[in-house]
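1. below are the sequence and a predicted model for it; my questions follow.
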Amino acid sequence: SAVISQKPSRDICQRGTSLTIQCQVDSQVTMMFWYRQQPGQSLTLIATANQGSEATYESGFVIDKFPISRPNLTFSTLTVSNMSPEDSSIYLCSVEGGVGYEQYFGPGTRLTVT
Amino acid sequence: RKEVEQDPGPFNVPEGATVAFNCTYSNSASQSFFWYRQDCRKEPKLLMSVYSSGNEDGRFTAQLNRASQYISLLIRDSKLSDSATYLCVVIRTGANNLFFGTGTRLTVIP
C-alpha cells in the first residue's frame, strides 16, 4: 500500500481564517480523495481530486468553502476557508489501492476552530 | 435510508471470546465490500476485503450475503489489541468512493 503523509497533523485556528492541508503520496496515483470525520461520526467524502481536472464535490460541499488543488500525481491540498467552529473535524486524504477499489488513508489532520 | 448501517455497539467482550459484527447495505448494485479498523485518534486501516465466497485471515472471517445485502465480520479468540472501531465499507458499482458505516466499537476486556 502507498505511504501517505499529511501536514499539519493538527491545528487550532480562529474563526474566519483559512487552513490549507497538504497530502503527499510516495507513488503516483490517479485519484485522491478528501474526507471529513466529525467527532463521534464516520467518514464523509468531501471531494475526489484527479490530476489535471477540477475536483468533483459531493452533495453539501462546495468549491468556495473547500478549494482543492491537484498539481501532480503525488500531491494534493485541501483548503478549509472562512472557518467556523462547525468545521472542527479530522480531515483525511486517501488514495485507491488499485486492486478492488479499496482505499488507503493518510494519518489525518485534526482541526479545531475557536 | 442510510447507504450502510451498522450496530454501533459498544461490544465489551472478555479476552478469548468470539464476537460477530453485522452490517447491511441498501443498494443492491453495490460491488465491493470491506472491513476497516480504526483505532482511537487514528486513520482507518483496511482489515480485509469481503468476497461472496467468504474469506478468512487468521482469527478474522468475513462473509457477504448478496441476497440479504448483509456483511459480517467474525473475530475468534479476541485479543486486547483487537479493541477498536470496526467500519463496514461499501462501494457502489460505477462509483469510485466508499460509503462508510458509522462503525462498531469493540472493547476486549482482560
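-> Right, received. Where do you want to start? Just so we're clear, the structure is a prediction, and the values are computed from it rather than from any experiment.
2. ok, residue B:105 - how many residues close by?
-> 17 (other Cβ atoms under 10 Å in any protein chain shown). For every residue, glycine as well, the C-beta is placed using N, CA and C.
3. how about low-confidence regions in the chain?
-> Chain wasn't specified; assuming chain A. Applying pLDDT under 70 to chain A picks out residues A:98-100.
4. was after chain B, sorry
-> Using pLDDT under 70, chain B drops low at B:94-96.
5. run through the strands of it in chain order.
-> Applying DSSP state E to chain B gives strands spanning B:4-6, B:11-14, B:19-25, B:30-38, B:44-50, B:55-57, B:60-65, B:70-75, B:84-92, B:98-100, B:104-109.
6. equivalent analysis for chain A, please.
-> Under DSSP E, chain A gives strands at A:4-7, A:10-13, A:19-25, A:31-37, A:43-50, A:56-57, A:68-72, A:75-80, A:89-96, A:103-105, A:109-113.
7. same list, the strands of chain B, but as JSON lines with distance to chain A please.
-> Output for the strands of chain B, formatted as JSON lines (distance: least, Cβ to the nearest Cβ, whole Å):
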{"stretch": "strand B:4-6", "distance to chain A": "9"}
{"stretch": "strand B:11-14", "distance to chain A": "17"}
{"stretch": "strand B:19-25", "distance to chain A": "12"}
{"stretch": "strand B:30-38", "distance to chain A": "5"}
{"stretch": "strand B:44-50", "distance to chain A": "5"}
{"stretch": "strand B:55-57", "distance to chain A": "12"}
{"stretch": "strand B:60-65", "distance to chain A": "13"}
{"stretch": "strand B:70-75", "distance to chain A": "14"}
{"stretch": "strand B:84-92", "distance to chain A": "5"}
{"stretch": "strand B:98-100", "distance to chain A": "4"}
{"stretch": "strand B:104-109", "distance to chain A": "10"}
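8. how about the strands of chain A in TSV, adding distance to residue B:74?
-> Listed next are the strands of chain A as TSV, based on distance: least, Cβ to Cβ, whole Å:
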stretch	distance to residue B:74
strand A:4-7	30
strand A:10-13	36
strand A:19-25	33
strand A:31-37	26
strand A:43-50	24
strand A:56-57	36
strand A:68-72	39
strand A:75-80	37
strand A:89-96	26
strand A:103-105	24
strand A:109-113	32
